[in-house]
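Engineer: sequence first, predicted coordinates after that:
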Amino acid sequence: MSNVDPDPAELTCGPAPQAPGKVEILDARSVPLGGPRAMPVRRTLPQRQRSLIGAWCFADHYGPDDTAATGGMSVGPHPHTGLQTVSWLFTGEIEHRDSLGTHALVRPGELNLMTGGHGICHEEVSTPETTVLHGVQLWVALPDEHRHAPRNFQHYAPRTVTRDGAALRVFLGSLAGETSPVETFTPLLGAEIVLAPGASVSLPADPAFEHGVLVDTGELTFADASLQRAQLGYLAAGASALDLHNPAESPARAVLLGGPPFGEEILMWWNFVGRTHDEIVEYRAAWQNGSDQFGGIPPYPGGPARLPAPALPAVRIKPRRNPS
């Protein structure tokens, strides 16, 4: 998915300290995904309060979206560098094409992970059969030694396992005895968790990881915090267990993210992750000039138009940093 902000801020992102054991609550902001009717998404990462959870550097949460009212997802060819994209759906279907030659469908409960590395382009369009679109789009920052890795695409459909009233699908990393075979460049955790009404579960955690719980439906108690729909609760590294409780009389669903604190400072602008302002300028120029760095996607009838890069600011933007 593309970041379609018409005036994207340049962000310098790095880890921020947090008291062990205390959950920090992040509220989402609404962002139009683009198009004439603008499908809205809720963005919880990055923001001024926190820009990374492990190597997770971007989180958009959308739906349930009535595609008849919004037009659904129609994101034309656009570039990425220095990151991996993670697509996870709850409802609907998305057609994915990229410059590797991949033509795949994103379906509920199935992970699609694309490595941008040195450069890739792709497009995403909800299928005509989709009436309701609902899911998350996540980005993972690549560490410096791997950020120019070759393009890649991986698909995985995890099985559902149950623990104390919780149904789990582990799509990245390891949790509750389940391990995803999908390769990443830093240790990561990604899982969908559905808690039955009134259920409580305590999941073993790696103390080296920091964790985030993004509530999709219902409400949850995460450690000492009450989280409402679309809120993300952040827990610093050091926890050996993740305690979740659903206090409501209906099921609650959340996405669990985790990883060791990302020890590098990164620069994000539009769909690029780099290290310096000058690098971002070079990436933008390469995309605008049709460079082979990103490859190409053969056009198909009715497909969305290629996205041009937004204009860069006339001066260097003062970077946003995590609070000290």
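Structural biologist: Received the coordinates, thanks.
Engineer: so what's the residue count around His155?
Structural biologist: Using other C-beta atoms under 10 Å, His155 is surrounded by 17 other residues. Using the backbone N, CA and C atoms, a C-beta is placed for each residue, glycine as well.
Engineer: tell me the contacts of it?
Structural biologist: 104, 110-113 (C-beta atoms under 8 Å, 6 or more residues apart in numbering).
Engineer: give me that answer again for 10 Å
Structural biologist: 87, 96, 102, 104-107, 110-114, 182 (C-beta atoms under 10 Å, 6 or more residues apart in numbering).
Engineer: which of the residues you listed count as buried?
Structural biologist: 87, 96, 102, 104, 106-107, 110-114, 182 (16 or more other C-beta atoms under 10 Å).
Engineer: just checking, which of those belong to strands?
Structural biologist: Members of these lying in strands (criterion: DSSP state E): 87, 96, 104, 106, 111-114.
Engineer: farthest-apart pair in those residues, please.
Structural biologist: Spatially, the most separated pair among these is His96 and Leu111, at 12.0 Å (C-beta to C-beta).
Engineer: any shared contact partners between these two?
Structural biologist: Both His96 and Leu111 are contacted by 87, 155, under the criterion C-beta under 10 Å, 6+ apart.
Engineer: which residue comes closest to Phe171 once chain neighbours are left out?
Structural biologist: Closest residue in space to Phe171, ignoring its immediate chain neighbours: Leu111 at 4.1 Å, by C-beta to C-beta, 6 or more residues apart in numbering.
Engineer: surely that neighbour meets Gly190?
Structural biologist: Yes. Using C-beta atoms under 10 Å, Leu111 is in contact with Gly190, at 7.8 Å.
Engineer: where do the contact lists of those two overlap?
Structural biologist: With C-beta under 10 Å, 6+ apart as the test, Leu111 and Gly190 both reach 86, 88, 158, 169-172, 180, 182.
Engineer: out of the residues you listed, which are buried?
Structural biologist: 86, 88, 158, 169-172, 180, 182.
Engineer: picking up where we left off before, now, which of the shared contacts of Leu111 and Gly190 sits nearest Leu312?
Structural biologist: Taking the shared contacts of Leu111 and Gly190 together and measuring to Leu312 by C-beta to C-beta, the closest member is Val86, at 27.1 Å.
Engineer: ok, now which ones touch the closest one?
Structural biologist: Per C-beta under 10 Å, 6+ apart, neighbours of Val86: 1, 56, 58-59, 111-114, 136-140, 154, 171-172, 182, 184, 188, 190, 255, 257.
Engineer: now, which of these lie within strands?
Structural biologist: 56, 58-59, 111-114, 136-140, 154, 171-172, 190, 255, 257.
Engineer: and the residue nearest the centre of the protein?
Structural biologist: Leu138 (0.9 Å; C-alpha atoms, centre = their mean).
Engineer: for that one, list each beta-bridge partner.
Structural biologist: Counting by DSSP bridges, Leu138 is bridged to Ala59, Val86.
Engineer: ok, now which ones touch it?
Structural biologist: Residues in contact with Leu138, defined by C-beta under 10 Å, 6+ apart, are 1, 45, 56-61, 83-88, 113, 172, 190, 214, 255, 257.
Engineer: measure Val136 to Tyr62 for me?
Structural biologist: 8 Å (C-beta to C-beta, to the nearest Å).
Engineer: so what sits against both of these two?
Structural biologist: Common neighbours of Val136 and Tyr62 (C-beta under 10 Å, 6+ apart) are 1, 41-42, 89-90.
Engineer: I'd assumed Glu145 was in a helix, is it?
Structural biologist: Yes. Using DSSP: H, G, I helix; E, B strand; the rest coil, the assignment for Glu145 is a helix.
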